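Visitor: Take this sequence and fold it.
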Amino acid sequence: MAANIGMMDSAYFVGRNEIVLWINSTLQLNLAKVEEAALGAVQCQLMDAVHPGIVPMHKVNFDARNEYEMIQNYKVLQDVFNKLNITKHIEVNKLVKGRPLDNLEFMQWMKRYCDSINGGIINNYNPLERREACKGGREANRRAAFVHASSKSSSTVSKTQSQSPQNTRKNDTVAGNASPKITKPASSRGRQAYDEQMQMTELKLLVDSLEKERDFYFAKLREIEILCRGPEMERLQIVGAIQKILYATDDDPCVVEDAHRLSQQVPLSPVDKASQ
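Guide: The predicted structure follows:
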């Protein structure tokens, strides 16, 4: 069960962009960052989606702003975990701080758990209707509806602009016959500048996401390094093998082979030494 998955499980290698996309598509929300789920309401509704009727949605607050309000959401979530005999520990004090890595790890676990229920298939669930019962649920629905409407409008404009050459020539001819005033270079330049600004924003978001992804995995490697430096750990052969890989300065496959050989070397016991 996903409740007991380890830190090296594939669940913890799912990127933040995939997590955000999964949340938004499952619950019809418009989160931009995974840490926006820190208020705890998203997790409650995800559990409501995979276990219909078990979450008291009227106790969930999508408008939580203060830590004490967020903590109330996590209490609801903990009660649900208790009912389902889920032993996953919720580090509420860390999650409510909105730290990206803490929230990413918890949402990775949430995705793994939800995917383990009915193969991740959610049937006949209306997230908008269920959210209506929550405090701040209607406002969250309005924000999501506005974003989806804006996206749909942008998609329609893009589709219109990318019409076939034949239609383009036909439209140009009609426009030319009607009036030369149809051409609006200033408006066209403004639209081009807007598109370029949007592309720059998307690139910045992508770079920011990649940097956070890098920091996340670097932090994991750093934790492993600190663990390996413990006084009782340094004497172990397997730790030496791990350090050999961690401190390698290139991608030489010989380093990995040497590490494997080192990990397989079993130190002699006092009896074996005496017999030599």
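
Visitor: In the strand or helix carrying S263, which residues are buried?
Guide: Assigned by DSSP states H and E, S263 belongs to helix 253-264. The neighbour-count check on helix 253-264 (16 or more other C-beta atoms under 10 Å) flags 259, 262-263 as buried. Quick note: C-beta positions are derived from backbone N, CA and C, even for glycine.

Visitor: where does the chain have low pLDDT?
Guide: 1-9, 146-190, 194, 249-251, 265-276 (pLDDT under 70).

Visitor: what ranges do the strands span in it?
Guide: Chain-ordered strands for the chain, with DSSP state E as the definition, do not occur.

Visitor: Could you list which residues are in contact with N17?
Guide: S209 (C-beta atoms under 8 Å, 6 or more residues apart in numbering).

Visitor: where's it relative to L210, distance?
Guide: 10 Å (C-beta to C-beta, to the nearest Å).

Visitor: same question, G98
Guide: 20 Å.

Visitor: So those two - more neighbours on which side?
Guide: Using other C-beta atoms under 10 Å, the more surrounded residue of G98 and L210 is G98, with 16 against 13.

Visitor: So that one sits against A38, correct?
Guide: Yes. Assessed by C-beta atoms under 8 Å, G98 is found in contact with A38 at 4.3 Å.

Visitor: From D79, how far off is Q72?
Guide: Taking C-beta to C-beta, one finds Q72 at 11 Å from D79.

Visitor: And these two? Which one has more around it.
Guide: With neighbours defined as other C-beta under 10 Å, Q72 and D79 compare such that Q72 has more, 19 against 15.

Visitor: How about the contacts made by that one?
Guide: By C-beta under 8 Å, 6+ apart, the contact set of Q72 is 59, 61, 64.

Visitor: Narrow those residues to those that are buried.
Guide: 61, 64.

Visitor: quick one: which of the contacts of Q72 is nearest A241?
Guide: Proximity of the contacts of Q72 to A241 (C-beta to C-beta) peaks at A64, which lies at 46.4 Å.

Visitor: Quick one: residues contacting that closest one.
Guide: So A64 contacts 39-41, 70, 72-73, 136 (C-beta under 8 Å, 6+ apart).

Visitor: And for K59?
Guide: 72, 76.

Visitor: What separation is there between it and Q237?
Guide: 53 Å.

Visitor: cool, C114 as well?
Guide: 40 Å.

Visitor: So which of those two has more stuff around it?
Guide: C114 (19 against 13).

Visitor: Identify the residue nearest the more buried one in space, chain neighbours excluded?
Guide: What sits nearest to C114 in space, not counting adjacent residues and going by C-beta to C-beta, 6 or more residues apart in numbering, is V50, at 5.0 Å.
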